[in-house]
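*Asks:* Have a look at this prediction, sequence included:
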Amino acid sequence: RLQAEGRFRQTLIDKLTHELAILKRQKFAATSEAYTGEQQRELFETLDIDLAAVTAEIEQLVQHPISAEPGRQQPRRVRLPAELPRTDIHHEPDSTLCQCGCRMKRIGEDVCEKLDYQPGVFTVERHVRGKWVCHQCETLVQAPVPAQIIDKGIPTSGLLAQVLVAKYADHLPLYRQSGIFERSGFAIPDSTLSEWVGRCGVALQPLVDALKQELLTQPVLHADETPLPMLKPGNGKTHRAYLWSYCSTPLSSMKAVVFDFAESRGGKHAEQFLDRWRGTLVCDDFKGYKALFASGVTEAGCMAHARRKFHELWANHSSQIAGEVLKLYARLYAVEREVSLLAPAQRLAMRQAQAKPVADALHQWLLVQ
């Protein structure tokens, strides 16, 4: 009994030591700190973005702009600085020959200024649309206004792309971008940037839907979910939401990733996204996927997740046993690198010849250990 108790205690000590080593390798316990002014501004940016997106959707549904509240003063747009460089882009009718046979005469023009941005440099595009009239029959012709992402807005597509890439790819909050723009010669309030981002989200939604539809034609998909903080409106606090990602395999000719935001980690979100798709899903052993497998989706376990725990044992404790299995994993990965450029039939044949014996050896090693 004493020997059994001693073995139990030693196992518990090893387990706790292992967990402590993992924590030390990752990150020390986070300290609780009050939000600074900048942190609060970063959190509340999401509210402005959501409000702008909802407003844009409502405008699309009712097909006319939302009227201002009675007695509320409409915000005035700041004039673009005269010292900014300007590029004139002329739009003229395809033909200035009137239907009656007369040659039209230019009587004026409409000028619309759009604010463009190159990293560190602001410029202004002057869209000049000439007006042409026939003095014989008084017919007026003018080139149509080019399509804009934000109707009657001042930003060009290049400026909007810069804001989106800086926020989502470079993780640069909007209030910091506002400061950068001010140093470049033209200050853009972060509330205005939030509205632009929200409207761009609505404009990009059809592209996301088309990408999702194309992704669901793939026979094999990878799926994973990662937590992220979500602001709770009203109290300034955050709770844990999740960003689900679905992507094609590295061997697929169609490279695509679609992100699906959800307020929880429930498996229903994966079921709703994949809907009637019934291919092979590569994922971890999270129980939220189990309902999909019961409905006909084929489960493929993630090799990286299976290898991870052995690597932690080897990295934290120099475990010789874990080192042995890591060598087998390395041989499997080496085969995958060799077959990555081959045709499917050749890839299958090489896996059967080279990878299967290694997988069988790994299985036997697991049974022995």
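*Replies:* Alright, I've got the coordinates. It should be emphasised that the depicted structure is a prediction, and the values quoted were computed from it without experimental measurement.
*Asks:* give the contact list for V358.
*Replies:* 328, 331-332, 335 (Cβ atoms under 8 Å, 6 or more residues apart in numbering). The C-beta positions use only the backbone N, C-alpha and C, and glycine is treated the same way.
*Asks:* Also M230?
*Replies:* M230 neighbours (Cβ under 8 Å, 6+ apart): 238-241, 263.
*Asks:* Let's see if you can find the most crowded of those.
*Replies:* Counting neighbours by other Cβ atoms under 10 Å, A241 leads the contacts of M230 with 15 neighbours.
*Asks:* Tell me which helix or strand it sits in.
*Replies:* strand 238-248 (DSSP states H and E).
*Asks:* follow-up on the earlier one: is it possible to get the contacts of M230 out as CSV so that each row also shows distance to P173 and pLDDT?
*Replies:* Formatted as CSV, these follow (distance: Cβ to Cβ, whole Å; pLDDT from 0 to 100):
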residue, distance to P173, pLDDT
T238, 15, 85
H239, 20, 86
R240, 20, 90
A241, 18, 92
E263, 22, 89
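*Asks:* can you put the contacts of V358 in a markdown table and add distance to S245?
*Replies:* Below are the contacts of V358 laid out as a markdown table (distance: Cβ to Cβ, whole Å):
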| residue | distance to S245 |
| --- | --- |
| L328 | 29 |
| R331 | 29 |
| L332 | 24 |
| V335 | 26 |
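*Asks:* Which of those fall within helices?
*Replies:* In this view, those that belong to helices under DSSP state H are 328, 331-332, 335.
*Asks:* what's the closest of those to A361?
*Replies:* Comparing these against A361 with Cβ to Cβ places L328 closest, at 6.2 Å.
*Asks:* which residue sits closest to the closest one in space, ignoring its chain neighbours?
*Replies:* In space, and not counting its chain neighbours, L328 is closest to L362: 4.7 Å by Cβ to Cβ, 6 or more residues apart in numbering.
*Asks:* Shouldn't that neighbour be within a helix?
*Replies:* Yes. Assigned with DSSP: H, G, I helix; E, B strand; the rest coil, L362 falls within a helix.
*Asks:* Now do it, the pLDDT please.
*Replies:* As predicted, L362 sits at a pLDDT of 94.
*Asks:* Could you list the low-confidence segments of this structure?
*Replies:* 20, 23-44, 47, 50-51, 54-55, 57-75 (pLDDT under 70).
*Asks:* all strands of it, in order?
*Replies:* Secondary structure of the chain, counting by DSSP state E: strands at 86-91, 105-118, 121-133, 140-142, 220-231, 238-248, 257-262, 280-283, 298-301.
*Asks:* Verify the contact between Y242 and P229 for me.
*Replies:* No. In this structure, Y242 is not within contact of P229 by Cβ atoms under 8 Å, at 10.8 Å.
*Asks:* more neighbours, those two?
*Replies:* Per other Cβ under 10 Å, whichever of Y242 and P229 has more neighbours is Y242, with 19 against 11.
*Asks:* ok, A359 - contacts?
*Replies:* Going by Cβ under 8 Å, 6+ apart, A359 touches L332.
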